[in-house]
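# Any chance you can model this:
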Amino acid sequence: MEKDLSDYRKAYEKGELLKENVPENPLELFRDWFIEVDTHYNVGETNAMTISTIGVDGYPKSRVVLLKKYTFEGFVFYTNYQSEKGKAISRNPNVCLSFFWPAAERQIIIKGKAEKIAENLSDGYFESRPRGSQLGAIVSNQSEVIPNREVLETQLRELEAKYEGREIDRPNNWGGFIVKPVEMEFWQGRPNRLHDRIRFKLDDEFNWNIDRLAP
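All right, here's what the predicted structure looks like:
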């Protein structure tokens, strides 16, 4: 099967990103963009982000996860620590996050280091999850080969019976990571493919250096 995509075209005309107008801290710009996109554009899950890791097999791998919190320290998401991504992060904490909001013609690429958050913070988030999601975290040995879906559904029914009327404790192999950024690039689509790209890069003294990149 062959399909030629060379004629696909889109004009980018929804905004501009000028170096003289950005804040000194990229987390402020992230916050402003996130709120604006979440408020004014119908993008579904604004907090959906791609995380790329270097796997134990040496290959990079990207997948979409959900951002659950952002602060001036970094970006928090949750996963099974024994999953493929969890093992990859344990081996090499250098990761890349990316957000793409096509309705706003914006993209953010974040390089950073991932580390586990405090256990009490993971406990608090786990307790806030729907009961089904809590049980699902226990049932799924994420990234492991399974014979069929019925195995999961059977285990879920067994756990539902086991925990009926009882609180569900967070499993030790499930919790949060925070990605602390060292570089953030903001991309705003512009006409004639002359897009705006502003990069913030953290130096050795923990100051953010700001540069405009060629599109």
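
# now Arg9: how far from Ala104?
The spacing between Arg9 and Ala104, counted by Cβ to Cβ, to the nearest Å, is 19 Å. In this view, the C-beta of every residue, glycine as well, is placed from N, C-alpha and C.

# Neighbour count for the two, which is higher?
Ala104 (18 against 5; other Cβ atoms under 10 Å).

# who touches the more buried one in this structure?
When contacts are counted by Cβ atoms under 8 Å, 6 or more residues apart in numbering, Ala104 touches 14-15, 33, 36-37, 40-41, 43.

# now the residue lying closest to Thr53 once chain neighbours are set aside, what's its secondary structure?
Nearest residue to Thr53 in three dimensions, chain neighbours excluded: Ala88, at 3.9 Å (Cβ to Cβ, 6 or more residues apart in numbering). In the three-state summary, Ala88 is assigned as helix, counting by DSSP: H, G, I helix; E, B strand; the rest coil.

# what's the neighbour count on Ala88?
Residues contacting Ala88 under the criterion other Cβ under 10 Å number 22.

# do the same with Arg199
Neighbouring residues of Arg199 were enumerated by other Cβ under 10 Å; the total is 18.

# now Trp208
Counted with other Cβ under 10 Å, the burial measure for Trp208 works out to 18 neighbours.

# now it, nearest residue through space, not along the chain?
Among residues not flanking Trp208 along the chain, Phe200 sits closest, at 4.7 Å (Cβ to Cβ, 6+ apart).

# Which strands or helices does the helix or strand hosting that neighbour pack on?
For Phe200, the enclosing helix or strand under DSSP states H and E is strand 196-202. Helices and strands touching strand 196-202, by 3 or more Cβ pairs under 8 Å, 6 or more residues apart in numbering; DSSP states H and E, are strand 174-188, strand 208-213.

# tilt between that strand and strand 174-188?
Interaxial angle, strand 196-202 versus strand 174-188 (axes from the mean of the first three to the mean of the last three Cα atoms, to 10 degrees): 130 degrees.

# How far does strand 196-202 sit from its chain's centre?
Relative to the centre of its chain, strand 196-202 is centred 19 Å away, using Cα atoms, centre = their mean, to the nearest Å.

# How about Ile110: which residues does it bridge to?
Counting by DSSP bridges, Ile110 forms beta bridges with Leu97, Met184.

# give the contact list for it.
Remark: with contacts taken as Cβ under 8 Å, 6+ apart, Ile110 is in contact with 75, 96-98, 179, 181, 183-185.

# Apply 7 Å and report the result again.
Listed by Cβ atoms under 7 Å, 6 or more residues apart in numbering, the contact partners of Ile110 are 75, 96-97, 179, 181, 184.

# Relative to Leu121, how far out is it?
Per Cβ to Cβ, Ile110 is found 20 Å from Leu121.

# ok so, going back, looking at it, the residue nearest to Trp208 is touching Asp211, isn't it?
No. The pair Phe200 and Asp211 fails to qualify as a contact (Cβ atoms under 7 Å) at a distance of 8.3 Å.
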